[in-house]
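K.L.:
Here's my sequence, what's the structure:
(4 chains)
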Number of protein chains: 2
Amino acid sequence: MNSQSDEIKKDTDFINESLINVYDSIMRIEESEIRKSRFKDITAKEVHLVHTIGLHDRKTTSEVAHILKLSKGTLTANLNNLERKGYVMRIANQEDHRIINLGLTSKGRLLYRAHDAFHTLLVKRFLRGFNDDDIRLIKQAMVNLEDFIDEVSAK
Amino acid sequence: MNSQSDEIKKDTDFINESLINVYDSIMRIEESEIRKSRFKDITAKEVHLVHTIGLHDRKTTSEVAHILKLSKGTLTANLNNLERKGYVMRIANQEDHRIINLGLTSKGRLLYRAHDAFHTLLVKRFLRGFNDDDIRLIKQAMVNLEDFIDEVSAK
DNA sequence: GAAATTTAGTTTGATATTCAAACTAAATTA
DNA sequence: TAATTTAGTTTGAATATCAAACTAAATTTC
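P.N.:
Numbering: from 1, shown residues only, chains lettered A, B, ... in the order given. From the prediction side, this is the model:
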């Protein structure tokens, strides 16, 4: 093996370890940043749930449970907490009285935007120094990863 | 805003959502793949711990707890499970009888390698179709991300 | 159109995970 | 040698999770 391919092996190994390490750190930072702000009663998991509800406005409880791959019972418990803390609202569905649609309160939307701003900053730094072609290339790598995930999930 | 920068905004938004989505999926897939193999009694968290112990052989319990950012009590509980299942061993330290060094059993090393093989495949697919320059570029993006994480963690 | 079935969400009961603080035993320092 | 520090475990409390039982509403079947 020559030094050129050694170099590339080192790069792929680095990418491998990085992919493993990065997420835990992001979750931890997200929680600590959010707790420095006015949202002191929120965990990383709860931010994630608020993000999902904000992204999928007025979806039903079952739909959100499916998106997050949580059981309906677990989601009910989480919703109780987030409703009590004033971030999420349950909206009775007028057509079908079995259905509860979910939405964010104005406090919930504030949290959503604060979290979104943090992520925008994160991605800005992730892509720092890259031109448009580079960004397309990195996007393609993420598409590859999602394709792989879909493939393995489907089989 | 012109259509060119619209395009790039869409790419960065995609990368943003992707970064959030991908990890959960990877954890889920890892667990389901590992459970299809001969290691049916293992959770994703436990694979992660086995990976860490494999990577940092013969480290002390406190060192591993620090690496994983777990309390010592939590690690003790996890070690009890993994020792019972036969993946991890506690090795009494001869110089200092307070210290327990951690290592993998041969079954643990098998799991370590199976998990590693899965990750190698994952990264291979992540980098599919890219040349050496592209890979260096993607590595740089991961370095950017780790730098950002370090920066925010430090402050 | 009443009875049976299905669906949406909640409640319940059991199990897992985690942490901080108290604790034990060993090593180091005074 | 006594006091302190260190490494790891135990304990007790708080959370999170799931599957299964349950309730109420809607749909289907006869």
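
K.L.:
For the spatially most central residue of chain A, what is the enclosing helix or strand?
P.N.:
Nearest to the geometric centre of chain A sits A:His48, at 5.4 Å (C-alpha atoms, centre = their mean). In this structure, A:His48 is located in helix A:44-55 according to DSSP states H and E.

K.L.:
got it, and A:Asn78?
P.N.:
Assigned by DSSP H and E, A:Asn78 falls in helix A:72-84.

K.L.:
hang on, the earlier thing: how about the helix holding A:His48 against DNA strand C, any contact?
P.N.:
No - using C-beta under 7 Å from any atom of the strand, helix A:44-55 stays clear of DNA strand C, coming no nearer than 11.5 Å. All C-beta atoms are positioned from the backbone trio N, CA, C, and that covers glycine.

K.L.:
which helices and strands sit right next to that helix?
P.N.:
When contacts are defined as 3 or more C-beta pairs under 8 Å, 6 or more residues apart in numbering or on different chains; DSSP states H and E, helix A:44-55 packs onto helix A:3-36, helix A:61-68, helix A:72-84, strand A:88-92, strand A:100-104, helix A:106-126.

K.L.:
Now do the longest one: distance to the chain's middle.
P.N.:
Read it as helix A:3-36. Its chain's C-alpha centre and that of helix A:3-36 lie 17 Å apart, by C-alpha atoms, centre = their mean, to the nearest Å.

K.L.:
who touches A:Val47 in this structure?
P.N.:
A:Val47 makes contact with A:Glu30, A:Glu31, A:Ile34, A:Leu111, A:His115, according to C-beta atoms under 8 Å, 6 or more residues apart in numbering or on different chains.

K.L.:
what pLDDT does it get?
P.N.:
Per-residue pLDDT puts A:Val47 at 94.

K.L.:
any idea of the angle the worst-scoring helix or strand of chain A on mean pLDDT forms with helix B:106-126?
P.N.:
Ranked by mean pLDDT, DSSP states H and E, the weakest helix or strand in chain A is helix A:3-36, scoring a mean of 84. Here helix A:3-36 runs at an angle of 100 degrees relative to helix B:106-126 (axes from the mean of the first three to the mean of the last three C-alpha atoms, to 10 degrees).

K.L.:
packing partners for helix A:3-36?
P.N.:
Contact here means 3+ C-beta pairs under 8 Å, 6+ apart; on that basis helix A:3-36 packs against helix A:44-55, helix A:106-126, helix B:3-36, helix B:106-126, helix B:132-154.

K.L.:
Can I get the helices and strands packed on helix A:44-55 in JSON lines including distance to B:Thr43 and mean neighbour count?
P.N.:
What follows is the helices and strands packed on helix A:44-55, written out as JSON lines (distance: least, C-beta to C-beta, whole Å; neighbours: other C-beta atoms under 10 Å in any protein chain shown):
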{"stretch": "helix A:3-36", "distance to B:Thr43": "16", "mean neighbour count": "15"}
{"stretch": "helix A:61-68", "distance to B:Thr43": "18", "mean neighbour count": "16"}
{"stretch": "helix A:72-84", "distance to B:Thr43": "16", "mean neighbour count": "15"}
{"stretch": "strand A:88-92", "distance to B:Thr43": "29", "mean neighbour count": "15"}
{"stretch": "strand A:100-104", "distance to B:Thr43": "29", "mean neighbour count": "19"}
{"stretch": "helix A:106-126", "distance to B:Thr43": "28", "mean neighbour count": "17"}
